[in-house]
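Asker: sequence plus the predicted model coming up.
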Amino acid sequence: MTGMTRYYFDVRDGDTLAIDEEGMELRDLAAVQAEAAESFADVVRDTARDAVNGGAAIRMAIEVRDDKGSLLQVGYTFKNNRLD
């Protein structure tokens, strides 16, 4: 027995939710928050690099849950505007 809880990091892209089926075992909520922040930074970086959205807002979030339910959400709205 590991004594650790399995947490799932689902990614919300607008109205679409990509479910994390595998999850990750972490020791405590501090480790969960650190992992959510790191995952979220990757999502933000990829979105900012790839976004050509002509001023449309992109809303994304990482939603963390365990077997008992939702625990944490880290989200943002990204808007890319050219300044001419």
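Answerer: Here it is on my side, so go on.

Asker: now the lowest-mean-pLDDT helix or strand in the chain: buried residues?
Answerer: Least confident helix or strand of the chain, by mean pLDDT, DSSP states H and E, is helix 29-50 with a mean of 84. When burial is assessed from 16 or more other Cβ atoms under 10 Å, helix 29-50 yields the following buried residues: 32, 35-36, 39-40, 43, 47. C-betas here are computed from N, CA, C, even on glycine.

Asker: element containing the residue nearest to Thr47 when sequence neighbours are not counted, please.
Answerer: With Cβ to Cβ, 6 or more residues apart in numbering as the criterion, Thr47 has its nearest non-adjacent residue at 5.5 Å, and that residue is Phe78. Secondary-structure assignment from DSSP states H and E places Phe78 in strand 69-79.

Asker: who does the residue most central in space within the chain bridge with?
Answerer: Centroid check for the chain by Cα atoms, centre = their mean gives Ile62 as the closest residue, at 2.0 Å. Ile62 has these beta-bridge partners by DSSP bridges: Val11, Val74.
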